[in-house]
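Trainee: The following block contains a protein sequence and its predicted model.
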Amino acid sequence: MIIHDRRQSHGAMLAGEVPLYYEVCGEGTPLVLIAGLGADGASWSGVIARLPKHYQTITIDNRGAGRSKIPEKPYTVAAMAEDVLRLLDHLKVPKAHILGHSLGGYVAQEFAIRYPERLDRLVLASTAAVSSARNNELFLKFYRELQEGTDPEAWLREWTPWLFAKSSLARETFIAALIKKGLRNRYKQQLPGFKGQIDAISAFDTRDRLNRVKARTLVLEGAEDVLILPEEAEALARELPGGIFQPVPGAAHNIHIEEREAFVKAVDAFLKAG
């Protein structure tokens, strides 16, 4: 598989009411990658490095995460979708493929519903049409722990059973490396940004609007995902007019980290299919 030349990548801030950090890599068919709760555009680096060269990848740090600013006022997933539109307008990209993971999948759904003329194909990974009450409570629990000053390393380790399959959890060097990377992240999410994204997630719901998605859509789901359950992702695919459900064996929530080769292969095959 052809590998991107990372030297072509450049990052910048998108000005506006909420300044947003973004990066563009390579030339070719535009592909926007939208990260999940707490993550930033850098979380896609392993995917971008494996994508064929004919994609121009565009990553954005969602508002409240990474190098993007944290709004002072509450915001919604719809506002995050508008951020993506604003970035495409700024880059003069008339139409793009969009790939969203988890919260990023929520943003991608809103984008597909609101701006269908700007979307080519849609890939939704580890996501659903609504955030479950259990997950909303879980995210608030993690927020309260941060408020109370929980040890950062212990906090990150507490996340791992929700994000990775049992086979990955058994690889201590793999988990330790991820935790170390998280602790060293210069742009790790701040507490107000985490709360803002959690509140946006809790208010998200596209169940009665999915019939407005016109794009052909691939729903990728880790077969061992315990955060957003396979049946939730499959239900999303069934409600999408052009939805295709594809489980990924051996992966849980973070498919793009656990099974990168399989993830990239599935995405590339879908995007270039006739």
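Mentor: Good, I have the coordinates.

Trainee: Just the helices from the stretch 151-274 of the chain, written as ranges.
Mentor: 152-163, 166-169, 172-184, 191-202, 230-239, 255-258, 260-272 (DSSP state H, counting those that start in this stretch).

Trainee: pLDDT weak spots in the stretch 1-150 of the chain?
Mentor: Filtered on pLDDT under 70, the stretch 1-150 of the chain yields the residue ranges 1-9.

Trainee: What segments of it are helices?
Mentor: 45-48, 77-91, 103-114, 133-147.

Trainee: re the thing from before, could you dump the helices of the stretch 151-274 of the chain into CSV with mean pLDDT and distance to residue 55 added?
Mentor: To be clear about C-beta, it is placed using only N, CA and C from the backbone, and glycine gets the same treatment. Converted to CSV, the helices of the stretch 151-274 of the chain look like this (pLDDT from 0 to 100; distance: least, CB to CB, whole Å):
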stretch, mean pLDDT, distance to residue 55
helix 152-163, 97, 26
helix 166-169, 96, 27
helix 172-184, 96, 25
helix 191-202, 98, 27
helix 230-239, 98, 23
helix 255-258, 97, 15
helix 260-272, 97, 8
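
Trainee: Compare the ones you listed and give me the one nearest residue 96.
Mentor: With CB to CB as the measure, helix 260-272 is the member of the helices of the stretch 151-274 of the chain nearest residue 96 (10.7 Å).

Trainee: quick revisit: most neighbours per residue, which of the helices of the stretch 1-150 of the chain?
Mentor: Mean neighbour counts were taken over these using mean count of other CB atoms under 10 Å, and the top value, a mean of 26, falls to helix 103-114.

Trainee: Contacts for that one, please.
Mentor: 33-37, 62, 77-78, 80-82, 84-85, 98-100, 118-119, 122-129, 131, 197, 200-201, 204, 206, 209-210, 212-215, 217 (CB atoms under 8 Å, 6 or more residues apart in numbering).

Trainee: Using ChimeraX, define a selection of the buried residues within those residues.
Mentor: This is how ChimeraX selects the buried members of these, with burial counted by 16 or more other CB atoms under 10 Å:
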select :33,34,35,36,37,62,77,78,80,81,82,84,98,99,100,118,119,122,123,124,125,126,127,128,129,131,197,200,201,204,206,210,213,215,217
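
Trainee: what sits against residue 220?
Mentor: Going by CB under 8 Å, 6+ apart, residue 220 touches 123-126, 246, 248, 255, 263, 266-267.

Trainee: now it: how far from residue 38?
Mentor: Relative to residue 38, residue 220 is positioned 20 Å away (CB to CB, to the nearest Å).

Trainee: before we move on, what about residue 144?
Mentor: Per CB to CB, residue 144 is found 15 Å from residue 38.

Trainee: From what I see, residue 227 and residue 233 are in contact.
Mentor: No: with contacts counted by CB atoms under 8 Å, residue 227 stays clear of residue 233, the gap being 10.7 Å.

Trainee: For stretch 38-58, buried residues please.
Mentor: In stretch 38-58, counting by 16+ other CB under 10 Å, buried: 38-45, 47-48, 50-52, 55-58.

Trainee: ok, now how distant is the nearest residue to residue 210 once chain neighbours are set aside from residue 85?
Mentor: Once flanking residues are discounted, residue 210 sits nearest to residue 239: 4.3 Å by CB to CB, 6 or more residues apart in numbering. Distance from residue 239 to residue 85, counting by CB to CB: 23 Å.

Trainee: And for residue 167?
Mentor: Going from residue 167 to residue 85 by CB to CB gives 39 Å.

Trainee: picking that back up, who touches both of residue 227 and residue 233?
Mentor: Taking CB under 8 Å, 6+ apart as the contact rule, residue 227 and residue 233 both touch residue 126.

Trainee: returning to that earlier point: confirm for me that the residue nearest to residue 210 is in contact with residue 208.
Mentor: No: if you go by CB under 8 Å, residue 239 and residue 208 don't touch, sitting 9.5 Å apart.

Trainee: Give me the more crowded residue out of the two.
Mentor: Each of residue 239 and residue 208 has its neighbours counted (other CB atoms under 10 Å); residue 239 has more, 16 against 9.
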